[in-house]
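Participant: Dropping a prediction and its sequence here:
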Amino acid sequence: MSTDVKVIDGGFSTQLAVHVGDTIDGDPLWTSKFLCTNPDAVYSTHLDFLKAGANIIETCTYQASIPGFVDHLKLSQEDSADLIKKAVVLAKKAVSDYKKTINSDSDVSNKEPLVAGSVGPYAAYLHDCSEYTGGSYAKNENMDSIVEWHKPRLEILISSGVDLLAIETIPCAREAQALVEYLKQYPDTRYWLSFSCKDDGKSIADGSNFQETVLSCYKSALPGQLIACGVNCLAPTSVSPLLKSISKENTGFFIPMIAYPNSGEIYSSATYSWSMDKDFHGPEEFVKEWIELGVRYIGGCCRTGAQSIERISALVQNWKKGLQSKV
């Protein structure tokens, strides 16, 4: 059982906002619009997270799709595919340029950063917040058609040479299971699977049992292909009960976990805005607890910028030092 813990980046839109004077939340293409309108800002955002200590950065493709680019940017299918390829190029360039700056710095904890191809759910394309509710497609859509929708982006990301895939914010058990089956066609492709979940500590967004869904996906995946299962884009206070349900104590075997929650602020889908609750708890408060539960990939989602990732990275490095001192 590996005790290595890798830090992933934070909320891309949060950090991207530092570099652009444009609306991000509420746009049907979200951050992926900027692959076309401001690619320099996308590159700079990746670099920010690398400088903050991220071992893994995600491509700006969570809400990217060929139909989405055709509909909202009026691009051809070929140009839309090229835009997804461009996302990988920008992330790889950021990694390459970052590595050139750290050659002599022996204290850097992320000397060999990886690029994960971000794969958001079909719900993100619908742009109706159904990644947080499960949406009607969870039960009504034919999953073959959902996989067909996913295929072009998956194939472009894989062929463009990402190090792994980030299958994330999945609100639908059937969608997750269908993607696990499809990715068996790419046995050398590693990926993590992260779910959008309810606040009840036991269910993913469509109401399916979280533990049962994770176990089904993890056992079905090819050996070594699914590197972690877990949660993202939820309140930090809601993470631990879900993770505990898939811990070795409750499953009988070790499943590497991933956790990258939101900042702890509360989001309004009506106003596309965030507010601070009186009982605020940020992700940094739980880092040690999550690692001890079995989290091996940790970072942030909405409203967690480079400064948050820097703090998380420092906590992870302190945990590693404490582990080494006991050996």
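Facilitator: Perfect, thanks for sending it.

Participant: Low-confidence ranges, the protein, go.
Facilitator: 1-2, 104-106, 267-275, 277-280, 324-327 (pLDDT under 70).

Participant: Tell me where it has helices.
Facilitator: 12-16, 34-37, 39-51, 66-73, 77-101, 122-126, 137-140, 143-159, 173-182, 210-220, 239-245, 248-251, 287-293, 306-326 (DSSP state H).

Participant: Summarise which helices and strands the last one is packed against.
Facilitator: Judged by 3 or more CB pairs under 8 Å, 6 or more residues apart in numbering; DSSP states H and E, helix 306-326 is in contact with strand 6-7, helix 39-51, helix 287-293. For glycine as for every other residue, the C-beta is placed from the backbone atoms N, C-alpha and C.

Participant: and these, which is most packed in?
Facilitator: Most buried of these, by mean neighbour count (mean count of other CB atoms under 10 Å): strand 6-7, with a mean of 24.

Participant: ok, back up a step: among the helices of the chain, which is nearest residue 199?
Facilitator: helix 239-245 (9.3 Å; CB to CB).

Participant: In terms of secondary structure, what does the closest one contact?
Facilitator: helix 210-220, strand 226-232, strand 257-260, helix 287-293.

Participant: Buried residues, that helix. List them.
Facilitator: Across helix 239-245, burial judged by 16 or more other CB atoms under 10 Å covers 239-240, 242-243, 245.

Participant: Show me the two of those residues that sit farthest apart.
Facilitator: Most distant of those, by CB to CB, are 239 and 245, 11.2 Å apart.

Participant: now the helices and strands packed on helix 306-326 as a markdown table including distance to residue 21?
Facilitator: Listed next are these as a markdown table, based on distance: least, CB to CB, whole Å:
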| stretch | distance to residue 21 |
| --- | --- |
| strand 6-7 | 29 |
| helix 39-51 | 10 |
| helix 287-293 | 33 |
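
Participant: Nearest to residue 99, out of those?
Facilitator: helix 39-51 (8.8 Å).

Participant: Give me the residues contacting the closest one.
Facilitator: 9-10, 12, 15-16, 18-20, 31, 34-35, 57, 60, 86-87, 90-91, 93-95, 97-98, 110, 113, 305-306, 309 (CB atoms under 8 Å, 6 or more residues apart in numbering).

Participant: Separate out the buried members of these.
Facilitator: Of these, these count as buried by 16+ other CB under 10 Å: 9-10, 12, 15-16, 19-20, 31, 34-35, 57, 60, 86-87, 90-91, 94-95, 98, 110, 113, 305-306, 309.

Participant: if I look at residue 311, how far off is residue 283?
Facilitator: As defined by CB to CB, to the nearest Å, residue 311 lies at a distance of 9 Å from residue 283.

Participant: go on, residue 78?
Facilitator: For residue 78, the distance to residue 283 equals 40 Å [CB to CB].

Participant: Who has more neighbours out of those two?
Facilitator: A side-by-side neighbour count of residue 78 and residue 283, using other CB atoms under 10 Å, places residue 283 first with 28 against 9.

Participant: my guess is that one contacts residue 312, does it?
Facilitator: Yes - applying CB atoms under 8 Å, one finds residue 283 in contact with residue 312, separated by 6.7 Å.

Participant: Need the residues touching each of the two.
Facilitator: Counting by CB under 8 Å, 6+ apart, the residues touching both residue 283 and residue 312 are residue 300.

Participant: Report the beta-bridge partner residues of residue 260.
Facilitator: residue 232 (DSSP bridges).

Participant: Next, the contact list for it, please.
Facilitator: 8, 10, 194, 232-233, 283, 297-301, 304.

Participant: Throw those residues into CSV and include distance to residue 120, thanks.
Facilitator: Below are the contacts of residue 260 laid out as CSV (distance: CB to CB, whole Å):
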residue, distance to residue 120
8, 15
10, 16
194, 10
232, 10
233, 10
283, 20
297, 17
298, 20
299, 16
300, 16
301, 11
304, 17
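
Participant: Among those residues, name the ones in strands.
Facilitator: Residues of the contacts of residue 260 located in strands (DSSP state E): 194, 232, 297-298.

Participant: nearest to residue 265, of those residues?
Facilitator: residue 232 (15.2 Å).

Participant: so who does that closest one touch?
Facilitator: Residue 232 touches 168-169, 194-196, 258-261, 301, counting by CB under 8 Å, 6+ apart.

Participant: Please consider this matter closed, and thank you.
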